[in-house]
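S.K.: What follows is a protein structure lacking sequence information:
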C-alpha cells in the first residue's frame, strides 16, 4: 500500500509543482524511503530528516529544549516544531513529522502504538495523535508510514 500512496503522492506533487520533505523519529526514514522508492521522486523530494534523538530534533530541526522537556518527544507540540523545522530547512512546500512509541514498551501516559503527526505548509501547521495499539514494532512503523503518506496527499490537495 505504501508504494501506491507514494506513487500517487509523486503524481499529485508534480501536478501541483510542489515539493515534500519528512522529519521522522519512530519511523527512522521509512516515509522518505517509500517516497524515494518511486522513480522520478527526485522531482518532488530533495531531503528528509531522521531525528531519532532529542539532540537531533534540536540540532537539525530547531525543536526547543523546553518543549521537549515539558511535553516529551512523543507530543503534538514537538511534531509541530519538527514539521516547521523540516519545511524551512528543506525549502519544501509540505512537510510531515512523526514521533511515537513503536514498541515494545511505552508507559501508562504514552502507550505503545501512540504516534504523533504534524503537517506543515507555508500557511498552516496541523497535528494529530493516532493510537495504533500494541500491534508490534514493525506493524506500528508500517502503519505510521502509511498514515504519513496519506497526510501528505491530503495536504497537497489543500495547497
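M.R.: Noted; the coordinates are in hand. Note that this is a predicted model, so its numbers are computed, not measured. Residues are numbered from 1 along each chain as shown.
S.K.: Where does the nearest residue to residue 64 once chain neighbours are set aside sit, in terms of helix or strand?
M.R.: Distance criterion C-beta to C-beta, 6 or more residues apart in numbering; nearest residue to residue 64, sequence neighbours excluded, is residue 81 at 6.6 Å. For glycine as for every other residue, the C-beta is placed from the backbone atoms N, C-alpha and C. Using DSSP states H and E, residue 81 falls within helix 76-90.
S.K.: That helix packs against which elements?
M.R.: Applying 3 or more C-beta pairs under 8 Å, 6 or more residues apart in numbering; DSSP states H and E, we find helix 76-90 packed against strand 20-24, strand 45-50, helix 54-61, helix 65-71, strand 94-100, strand 114-120, strand 125-131.
S.K.: For it, give me every contacting residue.
M.R.: Under the criterion C-beta atoms under 8 Å, 6 or more residues apart in numbering, residues 19, 21-23, 25, 46-49, 51, 57, 60-64, 67-68, 70-72, 92, 94-99, 116-122, 125, 127-129 lie in contact with helix 76-90.
S.K.: do the same with stretch 136-156
M.R.: 1-2, 5-6, 8-9, 12-13, 16, 18, 20, 22, 24, 26-28, 30-31, 34-35, 94, 96, 98, 100-104, 112-113, 115, 117, 119, 121, 130, 132, 135.
S.K.: Buried ones only from those, please, as a PyMOL command.
M.R.: In PyMOL, this line selects whichever of the contacts of stretch 136-156 come out buried by 16 or more other C-beta atoms under 10 Å:
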select buried, resi 2+5+6+8+9+12+13+18+20+22+24+26+27+30+31+34+35+94+96+98+100+101+102+103+112+113+115+117+119+121+130+132
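S.K.: Residue 156 belongs to a helix, doesn't it?
M.R.: Yes - assessed with DSSP: H, G, I helix; E, B strand; the rest coil, residue 156 lies in a helix.
S.K.: Around it, how many other residues sit close by?
M.R.: 22 (other C-beta atoms under 10 Å).
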